[in-house]
Each structure stands twice: as structure tokens, then as C-alpha cells.
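**Student:** Quick one, fold the following:
(2 chains)
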Amino acid sequence: AQSVTQPDIHITVSEGASLELRCNYSYGATPYLFWYVQSPGQGLQLLLKYFSGDTLVQGIKGFEAEFKRSQSSFNLRKPSVHWSDAAEYFCAVGARGTYKYIFGTGTRLKVLA
Amino acid sequence: DVKVTQSSRYLVKRTGEKVFLECVQDMDHENMFWYRQDPGLGLRLIYFSYDVKMKEKGDIPEGYSVSREKKERFSLILESASTNQTSMYLCASSSSSPLGEQFFGPGTRLTVL
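**Tutor:** Numbering: from 1, shown residues only, chains lettered A, B, ... in the order given. So this is what the prediction gives:
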């Protein structure tokens, strides 16, 4: 069965520091991969997605993610975090040939001034 | 600007009441989804619909039903609300490509007393 693991429930970084949020998935083939961000009291907004091709994907707000097939990972990175990046981040897997998405449990990011 | 709207941001109901949550999208998307979001559990799929009058159960359909009479509107119904249905409910839509990006509404925080 497909699954998504975000091993870090909470992460705290200082403003200006680099960020990496981890995502591991279990799926029999190459999945569609997504990162979403949820600001407090809001719905989810897509940061970036991977369907195929270049394994390094650029997204909005300066985020990027790298698909590593050998590690079944799709980690999200940002070189310099801003206070406005404080939010909850969700990794999601889409099973090809279905309508189904599976979400991780989320990582809550806190940014220190 | 593409949009998914939900009828209420906050809702308080009593145990046993019938509850309707409405979702409308303006993107002419074929697919629509209802999730519930609980701390530490991420997003769990309740139901989804891939066409008008078509629906499929998600991972946690018990206690819920849905209705899709028009392409742009997807309703979630709690036939007899219970306290364990207190949660954040998120609606999303996507194109039929399949598994295009999901667009999310702002959510409805439902409290059942």
C-alpha cells in the first residue's frame, strides 16, 4: 500500500538559515509527488510538484525539492528561510492511474527572528 | 484567480443534527474531494467525485455521505453529527488529467457539541 512519512513533526530554524523538510514515500512505481503549505487557518497551497523528468524541481516562494528514487525521498529545501515561511508543510503522493492522493502527517515549521 | 470556496469557515452543531458542508469550484474541474484534517493525522480522504453524480468512498467514509448534482458543487453531509466528527474539513478540486494539482478551499472548522 502507498504511504507517505514525514519524520519531523516540528522543526525550528532561525530566520536566514537553510531548511530541509524530509519526505519518504512507499509506492510500487514512480509516483506523482507534491509539497503543499498551509498557513494558520488557511487551506493548502501547492509549493511544487514532480511528475517526471528533471529530479530537481523548483517551486514558488524560493522552495525546491529533489526526487531521489533510490531513497524513495522527496525532500523540500530552501536556502534562506523568512519569518513568513512559518506554516505547516505537507508532502503528498499521487498514485498513477487513480484519483487518489496520500498525504503525510505534516511538519510544522517555526521560524525564530 | 481560481477559487474553491466553502460555505462556512466555522460551524457549531449539536449531536444528532444533520450537517451540510458545501464546496464550490470555479475551475470547471472534473474531480472534487472532501478531506478531514486532524492534528497528527494529516489529511484523510472521506469521499471523492470524478464526475457529476459519481462518487467513491475514500479512507474514512463512515458517518458521511456526499452529493454532486452539478459539476461545480460538491456537498458533504453528516447524517447525524457526533462529537468525534469535530474536525477541520477541507474541500479540493483537480482536473482529470488525472492527478493534476489539487486546489484547496480555506476549510470549515466544525465543532459538534
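**Student:** Now do the helices in chain A.
**Tutor:** For chain A, applying DSSP state H gives no helices.
**Student:** Could you list the contact residues of it toward chain B?
**Tutor:** Applying Cβ under 8 Å from any Cβ of the partner chain, we find that chain A lies next to chain B at A:9, A:32, A:34, A:36, A:41-46, A:49, A:90, A:94-101, A:103-106. C-beta coordinates here come from the backbone N, C-alpha and C atoms, glycine included.
**Student:** Buried ones among those residues?
**Tutor:** A:32, A:34, A:36, A:43-44, A:46, A:49, A:90, A:94-95, A:99-101, A:103-106 (16 or more other Cβ atoms under 10 Å in any protein chain shown).
**Student:** sorry, back to before: mind checking which of the residues of chain A next to chain B land in strands?
**Tutor:** Mapping the residues of chain A next to chain B onto strands (DSSP state E) picks out A:32, A:34, A:36, A:44, A:45, A:46, A:49, A:90, A:94, A:101, A:103.
**Student:** The fourth one against residue B:101, yeah?
**Tutor:** Same thing as residue A:44. No - if you go by Cβ atoms under 8 Å, residue A:44 and residue B:101 don't touch, sitting 10.5 Å apart.
**Student:** Run through the residues that contact residue B:17.
**Tutor:** Contact analysis of residue B:17 by Cβ atoms under 8 Å, 6 or more residues apart in numbering or on different chains lists B:78, B:80, B:81, B:112.
**Student:** what sits opposite the nearest residue to residue A:43 once chain neighbours are set aside in the beta ladder?
**Tutor:** The shortest distance from residue A:43 to any non-neighbouring residue, by Cβ to Cβ, 6 or more residues apart in numbering or on different chains, is to residue B:104 (3.6 Å). Counting by DSSP bridges, residue B:104 forms beta bridges with residue B:92.
**Student:** wouldn't residue B:104 be in contact with residue B:91 here?
**Tutor:** Yes - between residue B:104 and residue B:91 there is a contact under Cβ under 8 Å: 7.2 Å.
**Student:** These two: who's more crowded?
**Tutor:** Comparing residue B:104 with residue B:91 by other Cβ atoms under 10 Å in any protein chain shown, the one with more neighbours is residue B:91, at 28 against 22.
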